[in-house]
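Asks: The following block contains a protein sequence and its predicted model.
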Protein chains: 2
Amino acid sequence: MTDPQPIDARLERLRAQLPGLRLTTDPADAEHYGRDWTRRWTPAPLAVALPASVDEVATIVRWAVDEGVAIVPSGGRTGLSGGAVAANGELVLSLERMNRVLDFDAVDRALTVQAGIALEAVHNAAREHGLVYPVDFAARGSCSIGGNIATNAGGIRVIRYGNTREWIAGLKVVTGAGEVLELNRALIKNSSGYDLRQLMIGSEGTLGIVVEATLRLADPPPPTNVMLLALPSFETLMQVFAAFRERLTLEAFEFFTDRALHHVLAHGAQKPFDEVHPFYVVTEFAVGDEAKEAAAMAAFEFCLENGLVNDGVISQSDAQAAQLWRLREGITEALAKYKPYKNDVSVRISAMPAFLAETQALLAREYPQFDVVWFGHIGDGNLHINVLKPDDADYAVFVDQCEHVTQLLSDALARHGGSISAEHGIGLVKKPYLLGTRSAAEIELMRGIKRVLDPKGLLNPGKVFDA
Amino acid sequence: MTDPQPIDARLERLRAQLPGLRLTTDPADAEHYGRDWTRRWTPAPLAVALPASVDEVATIVRWAVDEGVAIVPSGGRTGLSGGAVAANGELVLSLERMNRVLDFDAVDRALTVQAGIALEAVHNAAREHGLVYPVDFAARGSCSIGGNIATNAGGIRVIRYGNTREWIAGLKVVTGAGEVLELNRALIKNSSGYDLRQLMIGSEGTLGIVVEATLRLADPPPPTNVMLLALPSFETLMQVFAAFRERLTLEAFEFFTDRALHHVLAHGAQKPFDEVHPFYVVTEFAVGDEAKEAAAMAAFEFCLENGLVNDGVISQSDAQAAQLWRLREGITEALAKYKPYKNDVSVRISAMPAFLAETQALLAREYPQFDVVWFGHIGDGNLHINVLKPDDADYAVFVDQCEHVTQLLSDALARHGGSISAEHGIGLVKKPYLLGTRSAAEIELMRGIKRVLDPKGLLNPGKVFDA
């Protein structure tokens, strides 16, 4: 982390202002902190700053305003949309060292944390107090709460607990002018003008840098069971969803295709059924008393009797529940070696069957050679599409083709009233397609709002939209 | 509604553009539509327009931009902060005629309505489909959903279901430039740039006119019981809250003081206990199976054994539940004849005891002659303060004294990290006190955001803050 080389005069002036600031121009650090989980841009930051306090963050931003240096706020860099990429001489402002729990209040059921804390560390802190922070997804060990807030992260429990937005009681942010704002004071009811907290959530670091957050916590979930279902079609899947939602309190309702299962099994998971089926569901629901267990069996039997499911298993232990979940949660890891082209889109739940059918047909027609893996969150209208690179395809050609796929998806989403980004954000990856989801008038208003909060346009410039 | 008199040239031009528009300058209409439930301003609108379509609303706004006429968006006008007052030659744009249900989708559990529909009509429409719209409060018969959205209305079920914000899947709004925006497409997950829907919610008609909303609906609540508790102090009340919240799923947890009960009984309600107690709680919680009923009794017995409650009754029927609720919901009506000065403030739940103690002491010292009635929502940190005009006091003097009370409250809220408006909005009434809740930097950002969405400053000018 030390940097023996002479550095640029702007950085000298930053060092003079903040002698204790951890600041590095080491090429390995630049490489490490200049990218996220996308691999399409070459990191080229001016430097990487790792402040340890809100004051340091605010001073850095004011320095950036004086010097005209752009800032890329940086959390766990697990993003899939290039939102944390620094490829144009920006200063990466990593919140990594600001990773502490600051406060817990049992009456308010509120946990105040610094933005750089990992989601999993938040889970652990909540559990120590007998409560839970219910937003959860596979990157929990690496992603930061600040990044979760910047993208309004969703995940696998949204059907029951909503997105990150629902759990943010208060935020401390540093604006593009270097002002420190305390937003909403962690109040439950506060009708005192515009809710700038809500504006910050999902703004991908383009309006302010989240430095602290007060999170609401929830009661631990009830005992649950996990069921794996095999289904003949997406239409029956929607009927199964209706039947289960009507009878049970669903904690999760996830689907994946036979191609997804194929790859997870090839990656070492245990085969759940002898036969191959077009679609699978992993669902988790509250049990804990006889009435609820009977309701779960009734839902399953209704589906079986009506030909909505082909087969199913229910977890008899926590270990079995984990094994069933692995079939769903292991998909991303199982696909990694194929360098998949990922899209994360949403439509209204009711629009899913038509959107999926249209898009599957379109991909089969345009790119019959592609192995396309679908999975997603039925209760949220959220579909994850992974296109795998054929072994013999040139990577650059493949990426071009996938950009064309995204354009087709974007057009289909515009027709079906959907979003090009359900939970990954727009960043750089989806910026060319934003007009399929948001109107030109909305984008122009976003530009105007950015000018209010970031007058010099220095916070994560070029992400989400061009100024 | 017809207007035989010659009207102003600007209105002539509006009539020429929209020959079918219902437009009135009748003094009775001006009086009726120019005010809300506050009675401190004299209505003096230019005219009242009652459009019947989104197109008419957009045309009116574009006309207003051309003519430089200010617009006051108007719903049920049940507001208590003067947010819908038109006292300066504005055009009142009433959404009253746009009061229809437009769509229901069972898969999405979503109801799309025009903004002028009454909250109670929304409740009824949801119920027809076997679902509920769970935001509820006493003005349900008169208030409109558009007004609810404009103030992020809360009410008596927030502890269980959150504020209005949580139930707004999508919005159609007309900006100050006359542009029609469709915000969020009723999606559950949509991380595609700034969530302008959230910015509109709670903006009190100063950023855009809500013309349509898509509301999420919920499962009907489980069977519930209602308990009335008598308590020796506010400190024990907080302990009772903790004991109940730990053991039960609370649908409501409301408190009021002996002064509140006094007035409700004087207004005809039935006396629940022989003795007088300092504080009372009405709580409603899920029952429906033996375990839950046992938990309710356990919570009560724990409180009784530990001296946290003095007495209590539990509803044995729906009629009794309604009777217990009347003691809480009847307060506002029972106080109406005293022309009470109302404040609606919030702090974090954990800050309530200290804030209440300090404020009660302060009022007793400064205004020992005032009858001060407190009630509120413990689970939301929301306190309603009603100061009753003494019979012999001059109304103008009383109002001046109450403004001083509000200043004292505002100062106490600043110290305790609270909000001068929990759920009523800022409007005109609380504008002088906004700085106790929001920083100067935040207010300046709000001004900037308003300029982006309402460049000419014509939407509800002077409400929330001065431009």
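Replies: Looks like it came in fine.
Asks: host element of A:Leu229?
Replies: In the assignment (DSSP states H and E), A:Leu229 maps to strand A:224-231.
Asks: buried ones in the helix or strand following that strand?
Replies: Counting by DSSP H and E, the next helix or strand C-terminal to strand A:224-231 is helix A:234-247. By 16 or more other C-beta atoms under 10 Å in any protein chain shown, the buried positions in helix A:234-247 come out as A:234, A:236-241, A:243-245, A:247. C-beta: built from backbone N, CA, C; applies to glycine.
Asks: rewinding a little: just the buried residues of the strand holding A:Leu229, please?
Replies: A:224-231.
Asks: now the angle from it to helix A:234-247?
Replies: 150 degrees (axes from the mean of the first three to the mean of the last three C-alpha atoms, to 10 degrees).
Asks: Centre of the chain to strand A:224-231, how far?
Replies: Relative to its parent chain, strand A:224-231 has a centroid offset of 24 Å by C-alpha atoms, centre = their mean, to the nearest Å.
Asks: just stretch A:435-444 next, same as before
Replies: Between the centre of stretch A:435-444 and the centre of its chain there are 22 Å (C-alpha atoms, centre = their mean).
Asks: any idea how far B:Ile449 is from the residue in the stretch 301-450 of chain A that chain B sits nearest to?
Replies: Per C-beta to the nearest C-beta, the residue of the stretch 301-450 of chain A with the smallest distance to chain B is A:Gly448, at 3.5 Å. A:Gly448 sits at a distance of 8 Å from B:Ile449 (criterion: C-beta to C-beta, to the nearest Å).
Asks: next helix or strand past the longest helix that chain A contains?
Replies: When chain A is parsed with DSSP state H, its longest helix is helix A:395-416. On the C-terminal side of helix A:395-416, the nearest following helix or strand under DSSP H and E is helix A:440-453.
Asks: neighbour-wise, which of A:Gly448 and B:Ile449 wins?
Replies: B:Ile449 (23 against 15; other C-beta atoms under 10 Å in any protein chain shown).
Asks: Quick check: that one touching A:Ile449?
Replies: Yes. With contact defined as C-beta atoms under 8 Å, B:Ile449 counts as touching A:Ile449 (5.9 Å).
Asks: Please enumerate the shared neighbours of these two.
Replies: Jointly contacting B:Ile449 and A:Ile449 under the rule C-beta atoms under 8 Å, 6 or more residues apart in numbering or on different chains are A:199, B:199.
Asks: Contact partners for A:Glu96?
Replies: Counting by C-beta under 8 Å, 6+ apart, A:Glu96 has contacts A:50, A:74-75, A:116, A:144.
Asks: how about 10 Å then?
Replies: A:22, A:33, A:48, A:50-52, A:74-77, A:115-118, A:144, A:146 (C-beta atoms under 10 Å, 6 or more residues apart in numbering or on different chains).
Asks: So it, which state does it fall into?
Replies: Secondary structure, DSSP: H, G, I helix; E, B strand; the rest coil: A:Glu96 is coil.
Asks: gap between it and B:Ala84?
Replies: Note on A:Glu96: its distance to B:Ala84, by C-beta to C-beta, is 49 Å.
Asks: What of A:Leu383?
Replies: In this view, A:Leu383 and B:Ala84 are 42 Å apart by C-beta to C-beta.
Asks: more crowded one of the two?
Replies: Shown here are A:Leu383 and B:Ala84; by other C-beta under 10 Å, B:Ala84 has more neighbours (30 against 23).
Asks: circling back to that earlier point, can you give me the pLDDT of the closest residue in space to the residue of the stretch 301-450 of chain A closest to chain B that isn't next to it in sequence?
Replies: Among residues not flanking A:Gly448 along the chain, B:Val452 sits closest, at 3.5 Å (C-beta to C-beta, 6 or more residues apart in numbering or on different chains). B:Val452 carries a pLDDT score of 98 in this model.
Asks: hang on, B:Val452 packs against A:Lys450?
Replies: Yes. The pair B:Val452 / A:Lys450 is scored as a contact, 9.4 Å apart, by C-beta atoms under 10 Å.
Asks: Those two: which is more packed in?
Replies: Each of B:Val452 and A:Lys450 has its neighbours counted (other C-beta under 10 Å); A:Lys450 has more, 24 against 21.
Asks: Buried ones in stretch A:9-20, by neighbour count?
Replies: Within stretch A:9-20, the residues scored as buried using 16+ other C-beta under 10 Å are A:10-11, A:14, A:18.
Asks: brain fart, stretch A:119-127
Replies: By 16+ other C-beta under 10 Å, the buried positions in stretch A:119-127 come out as A:119, A:121-123, A:125-126.
Asks: what's the answer for stretch A:254-267, then?
Replies: Within stretch A:254-267, the residues scored as buried using 16+ other C-beta under 10 Å are A:254-257, A:259-261, A:263-264.
Asks: Would you mind writing the CA trace of it as CSV?
Replies: Taking C-alpha atoms only, stretch A:254-267 is exported to CSV below (Å, rounded to 0.1, in the frame of the first residue of the first chain):
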residue,chain,number,x,y,z
GLU,A,254,-37.1,-19.3,-7.2
PHE,A,255,-37.0,-21.0,-10.5
PHE,A,256,-34.4,-22.3,-12.9
THR,A,257,-34.4,-24.2,-16.2
ASP,A,258,-33.1,-27.7,-17.0
ARG,A,259,-30.0,-26.1,-18.6
ALA,A,260,-29.3,-24.5,-15.2
LEU,A,261,-29.7,-27.8,-13.4
HIS,A,262,-27.5,-29.5,-16.0
HIS,A,263,-24.6,-27.2,-15.2
VAL,A,264,-25.0,-27.4,-11.5
LEU,A,265,-25.0,-31.2,-11.6
ALA,A,266,-21.9,-31.1,-13.9
HIS,A,267,-20.3,-28.9,-11.2
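Asks: circling back to that earlier point, on contacts alone, who are the packing partners of the strand holding A:Leu229?
Replies: With contacts defined as 3 or more C-beta pairs under 10 Å, 6 or more residues apart in numbering or on different chains; DSSP states H and E, the packing partners of strand A:224-231 are helix A:234-247, strand A:250-257, strand A:279-286, helix A:290-305, strand A:311-314, helix A:318-329.
Asks: any idea which helix or strand comes after the second one?
Replies: What that stands for is strand A:250-257. Counting by DSSP H and E, the next helix or strand C-terminal to strand A:250-257 is helix A:258-266.
Asks: and chain A, what are its domains?
Replies: Structural domains assigned to chain A are A:9-94, A:101-216, A:224-332, A:339-429, following automatic domain parsing.
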